[in-house]
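Novice: structure for the following, please:
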Amino acid sequence: MSLILIIHLIALGIWIGVVGAEAAIEFDGMNDDESYIRASKLHYITDIWVEIPAFTTVLASGMLMVNESHLSGVFLYKIIFALLAIMFNLICVYAVFKRRKCAISSDLVGMKSAETVMKVGGLIIPTFLVAFVLAFYLAW
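Specialist: Here you go, the predicted structure:
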């Protein structure tokens, strides 16, 4: 196993782990307005320090490992779903940044306007899972 693959797999684990942690943060934020504001700020911090570096590392290491033989068949579908997961994560990061900006000024209406974008960003989970299952299929 190459060093790049090891880095890729560790970053994948960190990435999906933080997505799970953020789901718990968001669930806690549903209690009341104060919890909602606190959750938006905490989600922002996890994005900056953990999630963005993790999925950026996944993208960079994945791109370093791609060769011409990967651009067809099942492996191509794995790449497509992985890129979709990263795209949906970027959409979610945009919503998190927007929501935090509103949270700083206690603008609850502005914060709630970001929720639709967050739901679209939530498509990261199914696209990530499809890419993950395809990776196991290819490794088998």
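Novice: skipping adjacent residues, who's closest to M118 in space?
Specialist: A95 (4.4 Å; CB to CB, 6 or more residues apart in numbering). (Glycine included, C-beta is placed from N, CA and C.)
Novice: and that neighbour, what element?
Specialist: Counting by DSSP states H and E, the element that carries A95 is helix 73-104.
Novice: now that helix: average pLDDT?
Specialist: For helix 73-104, mean pLDDT is 96.
Novice: over to stretch 124-140?
Specialist: Computed over stretch 124-140, the mean pLDDT rounds to 94.
Novice: what sits up against that stretch?
Specialist: Stretch 124-140 has contacts (CB atoms under 8 Å, 6 or more residues apart in numbering) with 12, 16, 19, 74-75, 77-79, 81-82, 84-85, 88-89, 92.
Novice: pull out the buried positions in that stretch.
Specialist: Under the neighbour-count criterion of 16 or more other CB atoms under 10 Å, stretch 124-140 has 124-125, 127-128, 130-132, 134-135 buried.
Novice: of those residues, which belong to helices?
Specialist: Using DSSP state H, the subset of these located in helices is 124-125, 127-128, 130-132, 134-135.
Novice: please put the alpha-carbon coordinates of stretch 77-86 into PDB.
Specialist: Provided in PDB are the C-alpha atoms of stretch 77-86 (Å, rounded to 0.1, in the frame of the first residue of the first chain):
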ATOM      1  CA  TYR A  77     -18.400   5.800 -11.400                       C
ATOM      2  CA  LYS A  78     -16.500   5.700  -8.100                       C
ATOM      3  CA  ILE A  79     -14.600   8.900  -9.100                       C
ATOM      4  CA  ILE A  80     -17.900  10.600 -10.200                       C
ATOM      5  CA  PHE A  81     -19.600   9.800  -6.900                       C
ATOM      6  CA  ALA A  82     -16.600  10.900  -4.900                       C
ATOM      7  CA  LEU A  83     -16.500  14.200  -6.800                       C
ATOM      8  CA  LEU A  84     -20.200  14.600  -6.200                       C
ATOM      9  CA  ALA A  85     -19.700  14.100  -2.500                       C
ATOM     10  CA  ILE A  86     -17.000  16.800  -2.500                       C
END
